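K.L.:
After the sequence you'll find the predicted model.
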Amino acid sequence: MNNRIRAKLVTTTLSAALLFSAVSASIPAAWNAQTASAAASTSLSAGQALIKASVSFRTAPSTSALRIKYLKKGEQVSVLSQPNSYWYQVQDSTGTTGYVSSQDQYITVGSLSPGGGNTTNPSNPGNSGGSGSVPSSSSVEKVIAAGMSYLGTPYEYGSDRNTTKTFDCSDFVRQSFIDGVGLKLPADSRGQGSYVKNKGNAVTDWRKLKRGDIMFFMSYKGTKASAYSGVNKSTAAISHDGIYLGDGKILHTYSKESGGVTISSIEGTHWEYRFLYGGSALN
């Protein structure tokens, strides 16, 4: 073989080797990028999610609902339920509950338990309260999602139980359970209180309530704890109720001035001082 042919063969072999080396190097790089992305999603525990891009955090599963804030890229949240194919109900690191778009450009979700809800209670961990069986988290979240969809609905005392245009407190609670799980509670707060108490799981310490429990209150006497200190709460009449969300929050409606269906904090307010008892209507 002459020197010219030998040189040509060496050049061709070297070029092929360099090309193969470059291609081989690029394949692991691309594969590793895909693997890292998949690992990020599979590393999320059940019921957890990672915000992939800034997204609106809203009070109800609707683009017309009030925006609580924007969730930032990289935040981790707890997924509580999926009311429909477009929205997740989530809880952020501060304990605030709201709704975000379910589009995968905004959120990556870990595995959910059957029924779309968490098998644990992320908003009230380790706090069982009451007695009897624990209602399924999916039922609780369906009731809460139904109630949240009415945020801002106007208040009307003695509202018509056959419409959802306005609500008083017990009408709102009743409609949330009808929409969420098909349970038709008594029409007034005292009847609902008796319904819950008769189940034998009522508690008088609101901190022992579970998410989705109904809270019952006596009449308003002022904003200070001292205004309620001499009241015998075991015999006081119920004048108001609402749905406990966990984290010291109640979903309810009580006046036109408050804006209708709303979320209120309990601790250190007259809601804490007026509280009589609460419990689940589902078990």
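P.N.:
Noted; the coordinates are in hand. Numbering: from 1, shown residues only.
K.L.:
now this structure, which segments are flagged as low pLDDT?
P.N.:
Residue ranges of the chain with pLDDT under 70: 1-46, 111-136.
K.L.:
Give me the domain ranges for this structure.
P.N.:
The chain breaks down into these domains under automatic domain parsing: 48-109, 137-279.
K.L.:
Redo these as CSV? Include mean neighbour count.
P.N.:
In this view, the C-beta of every residue, glycine as well, is placed from N, C-alpha and C. Listed next are the domains of the chain as CSV, based on neighbours: other Cβ atoms under 10 Å:
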stretch, mean neighbour count
domain 48-109, 18
domain 137-279, 19
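K.L.:
Residue 242 bridge partners, please.
P.N.:
On the basis of DSSP bridges, residue 242 is bridged to residue 215.
K.L.:
residues touching residue 56, list them.
P.N.:
Contacts for residue 56 (Cβ atoms under 8 Å, 6 or more residues apart in numbering) come out as 63, 67, 70-71, 100-101.
K.L.:
Packing partners of the strand or helix carrying residue 197?
P.N.:
Using DSSP states H and E, residue 197 sits in helix 189-198. Under the contact definition 3 or more Cβ pairs under 8 Å, 6 or more residues apart in numbering; DSSP states H and E, helix 189-198 sits against helix 169-181, strand 214-217, strand 240-246, strand 275-279.
K.L.:
Show me the one of these that comes nearest residue 105.
P.N.:
Of all the helices and strands packed on helix 189-198, strand 240-246 sits nearest to residue 105, with 28.4 Å by Cβ to Cβ.
K.L.:
which strands and helices sit next to the closest one?
P.N.:
Applying 3+ Cβ pairs under 8 Å, 6+ apart, we find strand 240-246 packed against helix 137-148, helix 169-181, helix 189-198, strand 214-217, strand 249-252.
K.L.:
pretty sure residue 183 is touching residue 175, no?
P.N.:
No. Contact between residue 183 and residue 175 fails when scored by Cβ atoms under 8 Å: they sit 10.9 Å apart.
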